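J.: Sequence first, predicted coordinates after that:
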Amino acid sequence: MLERTLQEWRAGCRHGRLGPDLWLFGYASLIWRPEFPTDEHRSARVHGWHRSLQMHSRVNRGTPQRPGLVFALLSGGSCRGMVYRVGRHRAEAEMQRLWDREMPNGVYDPRWLDCQTPQGPVRALAFTLSRRSPAWAGSMDETQLLSLLREARGRFGTTLEYLVETARCLRERGIHDREIERLMRVAQRGGLAG
């Protein structure tokens, strides 16, 4: 998938569908822990996709025996986040590093999405998830969610830490997300977050 995505980027650059540099759309941990140098970042909104804590994480925030959850972009609605520009000369190397982080199990569907920014539109790579994917967790009731928030832990920490940090980071950037606020209230009622 990485090679196919890089080929799409190269072809898009040649044919004018993509700018000369690589743009990436972040909607959760890429906002608060991008781990790659950028030449520019902007607030952005994508239409037709929304942020949802409904993707199993069997490496980063859980294990195969006790999957955690991470955010994914699911079809429908809209999502506010950030876009990052990576200069063309570094794009392929940074893409490899990003792939190692975001795609340890190859469960995301990488897509080029139109992002609206205050400075104008850009076409950016985003990691989306199909509801047909085995990684899609679907909806959970409050009891199931609290159990997972208490117990799920992977190589980068717990699902609870991931949720709390995403909520904090979005608030700091003035991004209002009703679903994240609802999830934080569930965690607070369960005595897991202040």
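T.: Done, it's in. Residues are numbered from 1 along each chain as shown.
J.: Which parts of this protein are helices?
T.: Secondary structure of the chain, counting by DSSP state H: helices at 2-14, 29-32, 88-102, 142-151, 159-172, 178-189.
J.: Please tabulate these in a markdown table, including the columns distance to Leu73, mean neighbour count and mean pLDDT.
T.: (C-beta placed from N, C-alpha, C; glycine too.) Output for these, formatted as a markdown table (distance: least, CB to CB, whole Å; neighbours: other CB atoms under 10 Å; pLDDT from 0 to 100):
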| stretch | distance to Leu73 | mean neighbour count | mean pLDDT |
| --- | --- | --- | --- |
| helix 2-14 | 15 | 14 | 69 |
| helix 29-32 | 11 | 20 | 92 |
| helix 88-102 | 12 | 15 | 81 |
| helix 142-151 | 20 | 16 | 96 |
| helix 159-172 | 13 | 19 | 97 |
| helix 178-189 | 13 | 15 | 96 |
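J.: what's the neighbour count on the nearest residue to Gly138 once chain neighbours are set aside?
T.: Nearest-residue entry for Gly138: Gln54, 6.3 Å, with adjacent residues in sequence omitted and distances by CB to CB, 6 or more residues apart in numbering. By other CB atoms under 10 Å, the residues close to Gln54 number 18.
J.: circling back to that earlier point, show me the one of the helices of the chain that comes nearest Pro121.
T.: helix 2-14 (14.0 Å; CB to CB).
J.: Keeping just the C-alphas, turn stretch 114-127 into CSV.
T.: Output in CSV follows, covering the C-alpha atoms of stretch 114-127 (Å, rounded to 0.1, in the frame of the first residue of the first chain):
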residue,chain,number,x,y,z
ASP,A,114,-9.9,17.5,-0.2
CYS,A,115,-9.2,19.6,2.9
GLN,A,116,-10.5,23.1,3.3
THR,A,117,-8.1,25.5,5.1
PRO,A,118,-8.2,29.2,5.8
GLN,A,119,-5.5,29.7,3.2
GLY,A,120,-7.4,27.7,0.5
PRO,A,121,-8.0,24.0,-0.3
VAL,A,122,-5.3,21.3,-0.3
ARG,A,123,-5.4,17.6,-1.2
ALA,A,124,-3.9,15.6,1.7
LEU,A,125,-3.3,12.0,2.5
ALA,A,126,-5.5,10.7,5.3
PHE,A,127,-5.9,7.4,7.0
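J.: Need the contact partners of it.
T.: Stretch 114-127 has contacts (CB atoms under 8 Å, 6 or more residues apart in numbering) with 5, 9, 12, 17-19, 22-25, 27, 42-47, 49, 72-73, 83, 85, 102-103, 108-113.
J.: Drop anything exposed from those.
T.: Neighbour-count burial within the contacts of stretch 114-127 applies to 5, 9, 18, 22-25, 27, 42-46, 49, 72-73, 83, 85, 102, 108, 110-113; the criterion is 16 or more other CB atoms under 10 Å.
J.: So which of those are in strands?
T.: 22-25, 42-46, 49, 72-73, 83, 85, 110-113 (DSSP state E).
J.: For the nearest residue to Trp112 once chain neighbours are set aside, list each beta-bridge partner.
T.: Leaving aside its sequence neighbours, Trp112 sits nearest to Arg123 (CB to CB, 6+ apart; 5.3 Å). Assessed by DSSP bridges, Arg123 has beta-bridge partners Asp114.
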